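Undergrad: no sequence on hand, only this structure:
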């Protein structure tokens, strides 16, 4: 396989996963507005921080209010991480490798981009936002299932899964870090019960709420949510599961031993964590280490294969 083809497959799946995760975040934040009392302010700025686009946002907008953040994260072509730009990148990468992926997948990707562009104004209103974002999530899941059910199990499919799990691991770490720290920063003692709603929002951002209840069988609390999202090997969006899948993908590729060692080292670091002892400052340090580790793994993949 040509390295440029592998590169396009890898980035097509990364951008597809990024668009879906961004849609999930916005959808959950919108739902939280309905669950909180009126005197509790819901922060929209953390969504910008998750993708590290704070400087870009404030170059374009004065205030991180709901409408500005939604526009910036969904339809603004000046934001390299917006959903519409991610889907445009998916479409361009898929166009270049049309002979590698099933034609049905290319049609789905093309249709998704066209539909998202047509929904550009509707998604800004609360009335239509859920349906617009839901269409993006379902379409992405359809494309992922289509690729999984039809692609040859060769190196191309290994690079596709590698991109998906690396992006998913990175996004999960960002969600844990930023949402847990600053979603509801100003709760009074009387409103402490709403902290559970915050952690429920973290789980729902990753479609993890039902699986958490099924696996943990206890009430929602910070330490157990962190343990589930960091170290549960069975949940597909946990950090540990993502690293485990990255390791499996690398086994299918040549000359991957040194990268596999980086993945194993990061996985071992996570296993040593005691989530009941993690203060917010320490959690932030751990997540920084994880994100740095993910970046190094990407750089090694890029250097070795692309």
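TA: Cool, got the structure. The structure presented is a predicted model; accordingly, all values stated were derived computationally and were not measured. Residues are numbered from 1 along each chain as shown.

Undergrad: for the stretch 151-300 of the chain, what spans make up the helices?
TA: 155-182, 195-205, 209-216, 222-231, 239-251, 257-271, 280-305 (DSSP state H, counting those that start in this stretch).

Undergrad: check which residues of the last one are buried.
TA: Same thing as helix 280-305. 283-284, 286-287, 290-291, 293-294, 297-298, 300-301, 305 (16 or more other CB atoms under 10 Å). Using the backbone N, CA and C atoms, a C-beta is placed for each residue, glycine as well.

Undergrad: now swap in the longest one and tell me
TA: In terms of neighbour count (16+ other CB under 10 Å), helix 155-182 has its buried residues at 155-180.

Undergrad: from the contact counts, what lies against it?
TA: helix 3-35, helix 45-50, helix 126-150, helix 195-205, helix 222-231, helix 239-251, helix 280-305 (3 or more CB pairs under 8 Å, 6 or more residues apart in numbering; DSSP states H and E).

Undergrad: switch the cut-off to 10 Å
TA: helix 3-35, helix 45-50, helix 126-150, helix 195-205, helix 222-231, helix 239-251, helix 257-271, helix 280-305 (3 or more CB pairs under 10 Å, 6 or more residues apart in numbering; DSSP states H and E).

Undergrad: pLDDT on the helix or strand encompassing residue 84, on average?
TA: For residue 84, the host element (DSSP states H and E) is helix 83-96. Average pLDDT, helix 83-96: 97.

Undergrad: roughly how far out does it sit from the chain middle?
TA: Averaging C-alpha positions (CA atoms, centre = their mean, to the nearest Å) puts helix 83-96 17 Å from its chain's average.

Undergrad: what's the angle from it to helix 155-182?
TA: Orientation note: helix 83-96 sits at an angle of 170 degrees relative to helix 155-182 (axes from the mean of the first three to the mean of the last three CA atoms, to 10 degrees).

Undergrad: coming back round to it: reformat the buried residues of helix 280-305 as a markdown table; add pLDDT.
TA: Compiled in a markdown table, the buried residues of helix 280-305 are given as follows (pLDDT from 0 to 100):
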| residue | pLDDT |
| --- | --- |
| 283 | 87 |
| 284 | 85 |
| 286 | 90 |
| 287 | 90 |
| 290 | 93 |
| 291 | 92 |
| 293 | 96 |
| 294 | 96 |
| 297 | 97 |
| 298 | 97 |
| 300 | 97 |
| 301 | 97 |
| 305 | 96 |
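
Undergrad: okay, buried residues for stretch 92-107 please.
TA: In stretch 92-107, counting by 16+ other CB under 10 Å, buried: 93, 94, 97, 100, 101, 105, 106.

Undergrad: if we can go back for a sec, okay, the helices and strands packed on helix 155-182 in TSV with distance to residue 64 next?
TA: Converted to TSV, the helices and strands packed on helix 155-182 look like this (distance: least, CB to CB, whole Å):
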stretch	distance to residue 64
helix 3-35	12
helix 45-50	4
helix 126-150	17
helix 195-205	18
helix 222-231	25
helix 239-251	27
helix 257-271	31
helix 280-305	20
